[in-house]
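Trainee: here's a sequence, model it:
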Amino acid sequence: QVQLRESGGGLVTAGGSLRINCIASGHTISKYVMGWFRQTPGRDREFVAAIHWNGDSTYYGDFVKGRFTISRDDAKNTVSLQMNSLKPEDTAIYSCAAAHHWGSIVMAPGNYDYWGQGTQVTVSS
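Mentor: Numbering: from 1, shown residues only. Alright, predicted model coming up:
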């Protein structure tokens, strides 16, 4: 069982940057695909980014367009999302998740076995 807890969310002005983190407990994440999703009220979860357990392969949602970077530090059991050039439409609850399978399936929430509670990111115009 993997427990995930996000931190680092907050309020930022458009064009600014924010780094959110996800720390795992209960089990090492070294053999898990780690992903970030976001959700706003009334909408489905949206895939943001994922990183392979080897740390070398990453996937990003189309809307990211080079603004976000996912990274992992297995020694600290942590995955992070650096978000730059933030826009008001990036406002959402961001959640991290862990999965066993890699490939295009990483964009599907159903691929993930464990989820954190989420952290609120608000971007003001």
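
Trainee: which residues touch stretch 110-125?
Mentor: Stretch 110-125 is contacted by residues 1-14, 16, 18, 20, 22, 33, 35, 38-39, 83, 86-101, 105 when judged by C-beta atoms under 8 Å, 6 or more residues apart in numbering. To be clear about C-beta, it is placed using only N, CA and C from the backbone, and glycine gets the same treatment.

Trainee: filter these to the buried ones?
Mentor: Buried members of these, counted by 16 or more other C-beta atoms under 10 Å: 2, 4, 6, 9, 12, 18, 20, 22, 33, 35, 38, 83, 86, 90-99.

Trainee: strands - which of these land there?
Mentor: 4, 6, 12, 18, 20, 22, 33, 35, 38, 83, 92-99 (DSSP state E).

Trainee: contact partners for the nearest residue to residue 69 once chain neighbours are set aside?
Mentor: Among residues not flanking residue 69 along the chain, residue 82 sits closest, at 4.5 Å (C-beta to C-beta, 6 or more residues apart in numbering). Shown in contact with residue 82 (C-beta under 8 Å, 6+ apart): 17, 19, 68, 69, 70, 71.

Trainee: nice, that's everything, thank you.
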